[in-house]
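Novice: give me coordinates for this.
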Amino acid sequence: MAIKEQSASGLSPYEIIFSCSVCQATISEIYSESESARGIRDGRSPDDRVVTKLWLTECAHLTCVEHLEGGGVPFHPAGEQPRASCPLCATEKDDKQLKRLYAIRGRCKGEYDEPIPAAWFDTPPVTLGGSGPGMEALQFQYLQLIRYGTEMFLKQQQDKKLLKDGQENLDAFQRSHDAMENRINDLKADIIKLREKEAELKRLKEKEPAIRHYLGVVSDLAKENDLLKEQLTILGYAVPKTNYAYVNDKNPVHTMPTEEATHSIRTEDMGTSGSPRRPEGDPNGNENQTRGGYPKSSSSFTMAGSVNPPRGIDPKATQVDFKAP
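Specialist: Predicted coordinates for the structure are as follows:
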């Protein structure tokens, strides 16, 4: 019976046989990302070579370099084989004796250490076309092992893909979870702010009747203020005008006066000495006059609150402004 070198899955017997005895990684997987030695020499290969990642122990076990103690081959004298404990024997037999290691980088001559026989890379190493009972049994067992190894390799590849997809989904879920946590924290902060606003609104609601009351009398107060300003103007005070109109918080029209109110006394009511002139018809200066020469309020104001200008004052006369005392 002829043995096919390549199976239907694309995996050759060479791939199955030369796989790590610890993690079952095939030789093509181990060297899928080749690394250059970059001048580091081991005495057995040229400078520009692939870094050895698969080693054959003298107890006939294959191991990846990362399974060796320390994660790599220990330093050794030039011309000698490196020595390290076999990870498989250490696990299964608790055997940690140092054993010689032989490098394998491929199946062609020069890609493996010379002490390894070339027949080890022939699959199968002998012809299985004989008709004897022993040869038929060897052929049957060899094919069964190859078939089993191929199927297990395919299942392992599927499991790796599922594991990778699951890890990606887990990472995406973790990112989504973190985003939701941040959103929850933001909402909690908003709730705290809303509670503060709610308390402020409650205080304003309690004061709403008083606020509405005072808002209702603002119009009357403005009218009374305008009336009093008119009376002060008649008396000679320079009263600034105030605009109480409201537009919005950013552009208010309401402007308050910034200068102190001033009042004027006509020059014709001033004597040569600068003192106020006495009203006509009062030679002694006592009638209808208060201290300082100003008219009494009883003769100047009516019950309705209007102002009667003093006698002898010409509204068109020149005025002199000065600060109110």
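Novice: please list all residues in contact with the nearest residue to Asp95 once chain neighbours are set aside.
Specialist: Nearest residue to Asp95, sequence neighbours excluded (C-beta to C-beta, 6 or more residues apart in numbering): Cys89, at 4.1 Å. In this view, the C-beta of every residue, glycine as well, is placed from N, C-alpha and C. Residues near Cys89 by C-beta atoms under 8 Å, 6 or more residues apart in numbering: Thr57, Cys59, His61, Asp95, Lys96, Gln97, Lys99.
Novice: mind listing what's buried along the longest strand belonging to the chain?
Specialist: In the chain, ranked by residue count with DSSP state E as the criterion, the top strand is strand 98-104. Buried positions in strand 98-104, judged by neighbour count with 16 or more other C-beta atoms under 10 Å: Lys99, Arg100, Leu101, Tyr102, Ala103, Ile104.
Novice: got CSV for those, with pLDDT and distance to Asp122 too?
Specialist: Output for those, formatted as CSV (pLDDT from 0 to 100; distance: C-beta to C-beta, whole Å):
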residue, pLDDT, distance to Asp122
Lys99, 93, 24
Arg100, 93, 23
Leu101, 94, 22
Tyr102, 94, 17
Ala103, 92, 19
Ile104, 92, 14
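Novice: now those residues as TSV including distance to Met135?
Specialist: TSV is the format used below for the buried residues of strand 98-104 (distance: C-beta to C-beta, whole Å):
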residue	distance to Met135
Lys99	33
Arg100	33
Leu101	34
Tyr102	29
Ala103	33
Ile104	28
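Novice: wait, which of those is closest to Gly236?
Specialist: Ala103 (117.1 Å; C-beta to C-beta).
Novice: quick one: contacts for the residue nearest to that closest one when sequence neighbours are not counted?
Specialist: Closest residue to Ala103 apart from its sequence neighbours, by C-beta to C-beta, 6+ apart: Thr52 at 4.1 Å. Contacts for Thr52 (C-beta under 8 Å, 6+ apart) come out as Asp42, Val65, Val73, Ala103, Ile104, Arg105.
Novice: switch those residues over to TSV; also include distance to Glu114.
Specialist: TSV is the format used below for the contacts of Thr52 (distance: C-beta to C-beta, whole Å):
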residue	distance to Glu114
Asp42	13
Val65	20
Val73	17
Ala103	10
Ile104	12
Arg105	13
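Novice: what residues of stretch 209-226 count as buried?
Specialist: Buried residues in stretch 209-226 (16+ other C-beta under 10 Å): none.
Novice: oh sorry, the question was meant for stretch 237-246
Specialist: Here stretch 237-246 shows Val239 as buried, counting by 16+ other C-beta under 10 Å.
Novice: re the thing from before, Ser21: which of the contacts of Cys89 is nearest?
Specialist: Once C-beta to C-beta is applied, the member of the contacts of Cys89 that ends up nearest Ser21 is His61, at 4.6 Å.
Novice: thought the closest one was touching Leu88?
Specialist: Yes - counting by C-beta atoms under 8 Å, Leu88 is a contact partner of His61 at 4.7 Å.
Novice: what's the end-to-end length of stretch 235-243?
Specialist: 22 Å (C-alpha to C-alpha, to the nearest Å).
Novice: now that stretch: average pLDDT?
Specialist: For stretch 235-243, the mean pLDDT works out to 83.
Novice: one more: stretch 201-214?
Specialist: In this model, stretch 201-214 has a mean pLDDT of 90.
Novice: now do the end-to-end distance for that stretch.
Specialist: Note: stretch 201-214 ends 19 Å apart using C-alpha to C-alpha.
Novice: what sits up against that stretch?
Specialist: Contacts for stretch 201-214 (C-beta under 8 Å, 6+ apart): none.
Novice: ok, of the contacts of Cys89, which come out buried?
Specialist: Neighbour-count burial (16+ other C-beta under 10 Å) is assigned, among these, to Thr57, His61, Lys99.
Novice: understood, closing this out.
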